[in-house]
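J.: Quick one: sequence plus predicted model below, questions after.
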Amino acid sequence: MTEITGATILLENVTKSYGAKKAAVNQLTLEIPAGKTVMFVGPSGCGKTTTLKMINRLIEPTSGRIVINGEDVTTMNGDELRRRIGYVIQAGGLLPHLTVGANVGLVPKMLKWDKQRIADRTDELLELVSLDPEIYRDRYPKELSGGQQQRVGVARALAADPPVLLMDEPFGAVDPITRQRLQEELIHVQAELHKTIVFVTHDFDEAVKLGDWIVIFNEGGKIEQYGTPEQILAHPANEFVEDFIGSGAGLKQLGLTRVRDVDIRQAPAFTVGEDAATAVAHMNEAGVLRAIVLDSRDRPIGWVTRRQLERMTTVGAAHARQFPVVSDSATLDDALDTMLVAGSSDAAVTGSRGAYQGIITVQTVIKAIDHISADPEEVSTPVGHNTGAIPKLATGENGVISYAMDEEETATEVENDSAPWAEHSDPAETHRGSERA
Ligand SMILES: Nc1ncnc2c1ncn2[C@@H]1O[C@H](COP(=O)(O)OP(=O)(O)OP(=O)(O)O)[C@@H](O)[C@H]1O
């Protein structure tokens, strides 16, 4: 079984009123299962950010309770709480006068880790978000692209290994292609780490792509539907949800199938510096006319023809002709898009940390479209409503909570979650002053 390092979050009958106005979030009860990614979507001003920030108490609820892994955190010291919760905002929120390495190592340093441990952790996290530590560790944020800064923001939020990650429109400020890459990387990071991620977005397609669960909010933090992307697309709960999804619901189902779910073809691949004659021999054996060129970290950098290789002594990068690359966590929608934009009928597929997996072709995608099922599996939905009713909670041994309304699976996840929730720290600490409501 995969280890879940995230924590269960329960908002219990939570209300937030700003002054005398109608409540921004009204009597919201919401369960966020451990180790899952839950997306908050809804129209502007419906209370997504308010709800998110009540979880780490950057915004204090007017009433109600917040329970994390069975522990009521509503009245605990807010700074202490935020040290246990990673927080990622748009553009990464990096400190401009600190290097990338120092930004990532900020919280470990505050926790007085020794220098070597901080350096090791920083490099490990930069690798995790696909930034070569040798190249980026000593750069300053302004020397990075928007997408790279955002990756550093994610690395920093993970530095002290918090069980919960709150992400507030983290990819809102980057171009669509970078956004796609960042989304795919987050999927890879989450597949390795199994954090509990709460993610606010304006973009329904992003919610479909990243979410295990999606909460569709209406004004006042009212939950219109809480379900898996498949459930919501196949069975929108009401007109509001239908309107929100928009007209392309059928096409959006393409966004539910990942590259890794379809047939990825193997194609010969050789690393820069390998003996060219041996490579040609392999190609002859396989009966192919072109091969993928990989860098020393197994990442595809382009392709060469057999004829080009015949003129080389070792496989070189110089002649490698670029071609589109998609992650195996990309949706078929994105993969097709990438190939069409590049004018190519195939693309290299990469896995974790950008390593080469094989190739996907337009033909494969078209074939897969025929097999997309419109009938989602039955799964039990976590608790989520605005009636103010609180699920019956029983606190058992070791502060483990169980829900009378809940299914066995969630309760098991809670019990299995032995992550030392109390020992973590918040990498976003230094910028939270400006975020405080
Ligand atoms: N500090 C504040 N003072 C007064 N009202 C506020 C404050 N912050 C938010 N609000 C109001 O609370 C409601 C919910 O705001 P919130 O930022 O949570 O919405 P949102 O769904 O995240 O919106 P968006 O998608 O536009 O970011 C809005 O009506 C907003 O005007």
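T.: Good, I have the coordinates. Treat the numbers as computed from the prediction; the structure is a model and nothing was measured.
J.: any idea how far residue 208 is from the closest residue to the ligand within the stretch 201-350 of the chain?
T.: Here the stretch 201-350 of the chain gets closest to the ligand at one residue, residue 202, 5.9 Å apart by CB to the nearest ligand atom. C-beta coordinates here come from the backbone N, C-alpha and C atoms, glycine included. Here the criterion is CB to CB, to the nearest Å. By it, residue 202 lies 13 Å from residue 208.
J.: Among the two, which residue is more densely surrounded?
T.: Applying other CB atoms under 10 Å to residue 202 and residue 208 shows that residue 208 carries more neighbours, namely 24 against 13.
J.: That one - nearest residue in space that isn't next to it in sequence?
T.: Distance criterion CB to CB, 6 or more residues apart in numbering; nearest residue to residue 208, sequence neighbours excluded, is residue 229 at 4.3 Å.
J.: Residue 263 too?
T.: In space, and not counting its chain neighbours, residue 263 is closest to residue 364: 5.4 Å by CB to CB, 6+ apart.
J.: picking that back up, can I assume the residue of the stretch 201-350 of the chain closest to the ligand is in contact with residue 168?
T.: No - with contact defined as CB atoms under 8 Å, residue 202 does not count as touching residue 168 (11.0 Å).
J.: tell me the contacts of the residue nearest to residue 263?
T.: If you count contacts by CB atoms under 8 Å, 6 or more residues apart in numbering, residue 364 has them with 262-265.
J.: Among those, which one lies nearest to residue 188?
T.: residue 264 (15.6 Å; CB to CB).
J.: and the residue nearest to the closest one when sequence neighbours are not counted, how many neighbours does it have?
T.: Nearest non-adjacent residue to residue 264, counting by CB to CB, 6+ apart: residue 358, 3.9 Å away. Residues lying near residue 358 (other CB under 10 Å) number 17.
J.: repeat for the one 4 residues further on
T.: One way to gauge burial is a neighbour count; for residue 362, by other CB under 10 Å, it gives 15.
J.: And the one 5 residues further on, by the same measure?
T.: The tally of other residues near residue 367 (other CB under 10 Å) stands at 12.
J.: any idea how far the ligand is from residue 173?
T.: Taking CB to the nearest ligand atom, to the nearest Å as the measure, residue 173 falls 13 Å from the ligand.
J.: Wasn't residue 174 part of a helix?
T.: No - counting by DSSP: H, G, I helix; E, B strand; the rest coil, residue 174 is not found in a helix; it is coil.
J.: Tell me who's in contact with it.
T.: The neighbourhood of residue 174, defined by CB under 8 Å, 6+ apart, consists of 146-147, 150, 182.
J.: Out of those residues, grab the one that's most surrounded.
T.: residue 150 (30 neighbours).
J.: Give me the nearest residue to it, chain neighbours excluded.
T.: Counting by CB to CB, 6+ apart, the residue nearest residue 150 is residue 92, at 5.0 Å.
J.: need the residues of the stretch 101-250 of the chain near the ligand, please.
T.: Within the stretch 101-250 of the chain, the positions near the ligand by CB under 6 Å from any ligand atom are residue 202.
J.: shaky segments in the stretch 101-250 of the chain?
T.: Across the stretch 101-250 of the chain, the ranges flagged by pLDDT under 70 are 247-250.
J.: Which stretches in it count as helices?
T.: Assigned by DSSP state H, counting those that start in this stretch, the stretch 101-250 of the chain shows helices spanning 106-110, 115-128, 133-136, 146-158, 176-193, 204-210, 229-234, 239-245, 249-252.
J.: who wins for proximity to residue 280 among those helices?
T.: helix 133-136 (32.1 Å).
J.: Now tell me what touches that closest one from outside.
T.: For helix 133-136, the surrounding residues in contact (CB under 8 Å, 6+ apart) are 100-101, 122-123, 126-127, 144, 148, 152.
J.: If we use 6 Å, what do you get?
T.: 100, 123, 126 (CB atoms under 6 Å, 6 or more residues apart in numbering).
J.: Name the residues of it that come out as buried.
T.: Under the neighbour-count criterion of 16 or more other CB atoms under 10 Å, helix 133-136 has 133, 136 buried.
J.: Can I get that helix in PDB? Just the C-alpha atoms.
T.: This file holds the C-alpha atoms of helix 133-136, laid out as PDB (Å, rounded to 0.1, in the frame of the first residue of the first chain):
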ATOM      1  CA  PRO A 133      20.400  22.100  -8.400                       C
ATOM      2  CA  GLU A 134      23.800  22.700 -10.000                       C
ATOM      3  CA  ILE A 135      22.300  25.300 -12.300                       C
ATOM      4  CA  TYR A 136      19.600  26.900 -10.200                       C
END
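J.: how many neighbours does residue 74 have?
T.: Residue 74, neighbours per other CB under 10 Å, totals 19.
J.: same thing with residue 79?
T.: That count, for residue 79 with other CB under 10 Å as the rule, works out to 11.
J.: what's the pLDDT at residue 314?
T.: Here, the pLDDT recorded for residue 314 equals 91.
J.: For it, which residues are in contact?
T.: Taking CB under 6 Å, 6+ apart, we find residue 314 in contact with 273, 276.
J.: switch the cut-off to 7 Å
T.: When contacts are counted by CB atoms under 7 Å, 6 or more residues apart in numbering, residue 314 touches 273-276.
J.: Just the buried residues out of these, in PyMOL syntax.
T.: Buried residues within the contacts of residue 314, by 16+ other CB under 10 Å, are selected in PyMOL with:
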select buried, resi 274+276
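J.: and residue 72, what are its bridge partners?
T.: Note on residue 72: beta-bridge partners by DSSP bridges are residue 67.
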